[in-house]
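> have a look; sequence and predicted model below, questions after that.
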Amino acid sequence: MAKSLFEEKLNSDKFLVTTEVGPPKGADVSEMVHLIEMLKDKVDAINVTDHQSSVMRFPSLGGCLLVKELGGEPILQVTCRDRNRLALQADLLLAYSRGIRNVLCLTGDSIDVGDHKEAKPVFDLDSVQLLKMIRIMESGKDMGGNDLKGTPEFCIGASVHPAADFIEPQLIKFEKKVVAGAQFFQTQGIYDLDSLRRFMQFASQFQVKILAGIIVMASARMARYMNENVPGVIVPQFIIDEFAGVEKGKGLQKGIEIAARTIKAIKEEKLCHGVHIMAVGNERVVPEILEAADL
Amino acid sequence: MIVAEQKPLEEIGQMIAPYEKVLILGCGTCMTVCGAGGEREVSFLHGALQVAQARSGTNVHDFVEYTVKRQCDFEFLDLVADRISEVDAVLSLGCGIGVQAIAERFPDTPVLPGVNTSFMGMTSEWGIWDERCAACGDCRLDETAGICPITRCTKGILNGPCAGTKNGKCEANREIDCAWVLIYRRLERLGQLEKMRRYYPPRNFRTIPRPRRIVSRVKVEPGESNGQIAI
Ligand code: SF4
Ligand code: SF4
């Protein structure tokens, strides 16, 4: 039996679409609720980010509970940056007890890129160890070897960077994540399909599902900024140039067009098993992208 | 060696404010090499503090300067016992260990840290020191081709690079090499990439219940028996 609706779909041949919402900076969740309601029936699952770019926000777990309450399928993003192994396990037990079954295991961006630069980075575990930790919990034990009363079960995923400028060590890490138990991967942003093609040639030897990351950008300035400042984001020059030629105020339209075009190409070529759309602040245009990509 | 930086003059001024007679005590070992508190820095600081108090027009302090070979050993501290007994406070330019050794050896004398002890590192070029070891108590350098991921990767992660590395540099600081890129390249060069494919379990932080202590199996005594293994 599948552990979640999302896992059931992962095991099918369906072309999967996931997206993500970033929780608010503050206690007012009305906008997030609105986004979740708008997106929940249009995608297969919604990730909730965990203090993305090390910027303190409403928690991922809280966001996933909202997705659940509103009838959506959440993917809990968990990073190792802010919690040690006790807190990570506890959060996962809470998540499971409230019906959250999909977890994306991430190391987490470094504190230095965020808005609390003086905080203590934890990194008690790394992403590979976190995946393993979940599989250990599923065996009925905690990381200390003690019995758990009630065993959680999760559908777990991880991230991978097919467009990294030095791919070999990333591939080794990808393989370690597969061995540690990752069932699905959501990739970092993909712009040129060549890197994705090369990566899929390697990845297709493993029994895992790969969702290509699509980052929606809204201007040349944003593209440049992300390229320079956001960890793991590499925006090729041709994309920046494409934005630069666009008249003022039409940037987001361009972003939608590029995202839809990339998704279409991926789907037509059956390059991988789906896409993960990251609209970073422009989540409201996700339905438009899906429509433009004939999804 | 241990690397430190001298504290700002203003902070030092505030620390010494309550004391009249102050011994500025340098350390001849690591602090000399890293330019934070050797004989030269003791003398510079002495001068600077005097100028500062002349400017403020309050001639409250009386400074003495001296530099011992090592502040972290009682053996060397004993040599300055007389000087210390004559002052109201010691402004130590030794690392945090030196400061604490003084506090322990001279319980009646206040001791003030004149430097911020930063890390254990090496001299990359003169004037540039880089952290190389965090004394984790469980050295893994054989698995990582002699490059320490615990100190040189911002996240201290053990199973390979995060996705933030770009142009071989770290996501946290584009000036600094990504430790895992360095490790990969060197393992490749040594024909040992299989070491990177292994899974490394989470670190055992019990190896470092603070404060740490090492009890040597080697009998360390002055004189002839020095260097013999104790059974
Ligand atoms: S692994 Fe790194 S921190 Fe630990 S002892 Fe070795 S060099 Fe030092
Ligand atoms: S970029 Fe490299 S050194 Fe920096 S945190 Fe990531 S793996 Fe560690």
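Received it, and whenever you're ready, just let me know what you need. Ligands and ions are numbered 1, 2, ... in the order given.
> show the average pLDDT along the top helix by length along chain B.
Of all the elements of type helix in chain B, the one with the most residues (DSSP state H) is helix B:39-56. Here helix B:39-56 scores 95 as its mean pLDDT.
> what count of nearby residues applies to residue A:241?
A count of nearby residues for residue A:241, using other C-beta atoms under 10 Å in any protein chain shown, gives 11. C-beta here means a position set from N, CA and C on the backbone, and glycine is covered the same way.
> where does it land in three-state SS?
The three-state label given to residue A:241 by DSSP: H, G, I helix; E, B strand; the rest coil is helix.
> still on that earlier bit, after the longest helix of chain B, next one along is what?
Later in the chain than helix B:39-56, the nearest helix or strand by DSSP states H and E is strand B:62-68.
> list of residues touching the helix or strand that that following strand is followed by?
Per DSSP H and E, the first helix or strand lying C-terminal to strand B:62-68 is helix B:74-77. Under the contact criterion C-beta atoms under 8 Å, 6 or more residues apart in numbering or on different chains, helix B:74-77 has outside partners B:68, B:69, B:70, B:71, B:101, B:102, B:105, B:106.
> picking up where we left off before, and the longest helix of chain B, what does it pack against?
Contacts defined by 3 or more C-beta pairs under 8 Å, 6 or more residues apart in numbering or on different chains; DSSP states H and E place helix B:39-56 against helix B:9-16, strand B:21-27, helix B:30-33, strand B:62-68.
> distance check, the residue in the stretch 51-200 of chain A that ligand 2 sits nearest to against residue A:157.
Taking C-beta to the nearest ligand atom as the measure, the stretch 51-200 of chain A has residue A:110 as its residue closest to ligand 2, at 5.5 Å. Distance, residue A:110 to residue A:157, by C-beta to C-beta, to the nearest Å: 22 Å.
> who has more neighbours, these two?
More crowded of residue A:110 and residue A:157, by other C-beta under 10 Å: residue A:157, with 31 against 23.
> list the contacts of the nearest residue to that one once chain neighbours are set aside.
For residue A:157, ignoring the flanking residues on the chain, the nearest one in space by C-beta to C-beta, 6 or more residues apart in numbering or on different chains is residue A:184 at 4.0 Å. Neighbouring residues of residue A:184 by C-beta under 8 Å, 6+ apart: A:10, A:155, A:156, A:157, A:208, A:209, A:210, A:211, A:273.
> again, only using 6 Å
Residues near residue A:184 by C-beta atoms under 6 Å, 6 or more residues apart in numbering or on different chains: A:10, A:157, A:209.
> what sits closest to the first one if chain neighbours are left out?
Think residue A:10. Leaving out its chain neighbours, the residue that sits closest to residue A:10 by C-beta to C-beta, 6+ apart is residue A:209, at 5.0 Å.
> the residue nearest in space to the middle of chain A bridge partners, please.
Nearest to the geometric centre of chain A sits residue A:186, at 5.4 Å (C-alpha atoms, centre = their mean). Per DSSP bridges, residues listed as beta-bridge partners of residue A:186: residue A:159, residue A:211.
> can you tell me how far it is from residue A:128?
Here the criterion is C-beta to C-beta. By it, residue A:186 lies 16 Å from residue A:128.
> could you do residue A:145 as well?
The value you get for residue A:145 to residue A:128, if C-beta to C-beta is used, is 20 Å.
> higher neighbour count, those two?
The neighbour comparison of residue A:145 against residue A:128 (other C-beta under 10 Å) goes to residue A:128, with 27 against 7.
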